[in-house]
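Sequence unavailable; structure follows:
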């Protein structure tokens, strides 16, 4: 498959503000008439929305830990084949709220599942399609959960503080392993606009590295 567009993923613990920043960036790029779409995991397809409802229901407990992993994998299989791959063949920027790094952080870090198994499932479910750029939003755990629970309590948000700390630790580990693809933005104490400017700087620098004049000229107007 020949890729023409850019695949950018937004990652982080609960309440880190990634969804807000994704939406702001989408609006910014649309104003510049840059072709862009936003999507998410889980729930990026009609089938995926049904899986998302199951995954986030607060009254469901998974007695077999790998059940959750395979539900996420099923969602991603649909997402990659029906949304991500088709859009990557077009000259668009894809902004995705969570992807494979969430699986690693939450399933290996949070759930303590076997690393080899999780990564194998990631490879299969994603068809080894990697993001071009990933932005991880780093926030103090208690502050993130405080923000998240203002909206509501889903099943994952109700996990223990130790669970969320393990997730955060795994995200930092992931970022250190792949500094070229993954950029970390600390959000504690910063305004939404300040974080947006940092996001824009990260995206602009990446596009500059590609020497994509068509997009870069529009951003620099």
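Ah, there it is. Bear in mind the structure is a predicted one, so any value in this text is a computation, not a measurement.

Need the three-state assignment for the closest residue to residue 146 other than its chain neighbours.
Counting by CB to CB, 6 or more residues apart in numbering, residue 146 lies nearest to residue 15, which is 6.8 Å off, once chain neighbours are set aside. Bear in mind the C-beta positions are built from the backbone N, C-alpha and C, glycine included. For residue 15, the assignment made with DSSP: H, G, I helix; E, B strand; the rest coil gives coil.

For burial, what's the neighbour tally of residue 112?
Using other CB atoms under 10 Å, residue 112 has 11 other residues around it.

wouldn't it be in contact with residue 169 here?
No. Under the contact definition of CB atoms under 8 Å, residue 112 does not touch residue 169, with a separation of 11.8 Å.

And the strands in the chain?
Counting by DSSP state E, one finds strands in the chain at the ranges 6-12, 36-40, 93-97, 133-138, 182-186.

and the angle from the second one to strand 93-97?
Put plainly, it is strand 36-40. Between strand 36-40 and strand 93-97, the angle formed by their directions is 20 degrees, by axes from the mean of the first three to the mean of the last three CA atoms, to 10 degrees.

Surely residue 136 and residue 9 touch.
No. Under the criterion of CB under 8 Å, residue 136 makes no contact with residue 9, lying 9.2 Å away.

okay, and the common contacts of those two?
Shared between the contact lists of residue 136 and residue 9 (criterion: CB atoms under 8 Å, 6 or more residues apart in numbering) are residues residue 101.

Can you read off the pLDDT for residue 123?
Per-residue pLDDT puts residue 123 at 96.

so what's it up against?
For residue 123, no residue meets the contact criterion (CB under 8 Å, 6+ apart).

what does the one 10 residues further on give?
Taking CB under 8 Å, 6+ apart as the contact definition, residue 133 lies against 6, 7, 8, 9, 181, 183, 202, 203, 206.

Recalculate using a threshold of 6 Å.
8, 206 (CB atoms under 6 Å, 6 or more residues apart in numbering).

Is it bridged to anything, and to what?
Here residue 133 shows beta-bridge partners residue 8, assigned using DSSP bridges.

how much space is there between the residue most central in space within the chain and residue 209?
Within the chain, the residue whose C-alpha comes closest to the C-alpha centroid is residue 98; the distance, by CA atoms, centre = their mean, is 2.2 Å. Distance, residue 98 to residue 209, by CB to CB, to the nearest Å: 24 Å.

And for residue 181?
Note on residue 181: its distance to residue 209, by CB to CB, is 11 Å.

can you check residue 121 too?
Between residue 121 and residue 209 the distance is 31 Å, computed by CB to CB.

Those two: who's more crowded?
Between residue 121 and residue 209, counted using other CB under 10 Å, residue 121 has the larger neighbour count: 20 against 10.
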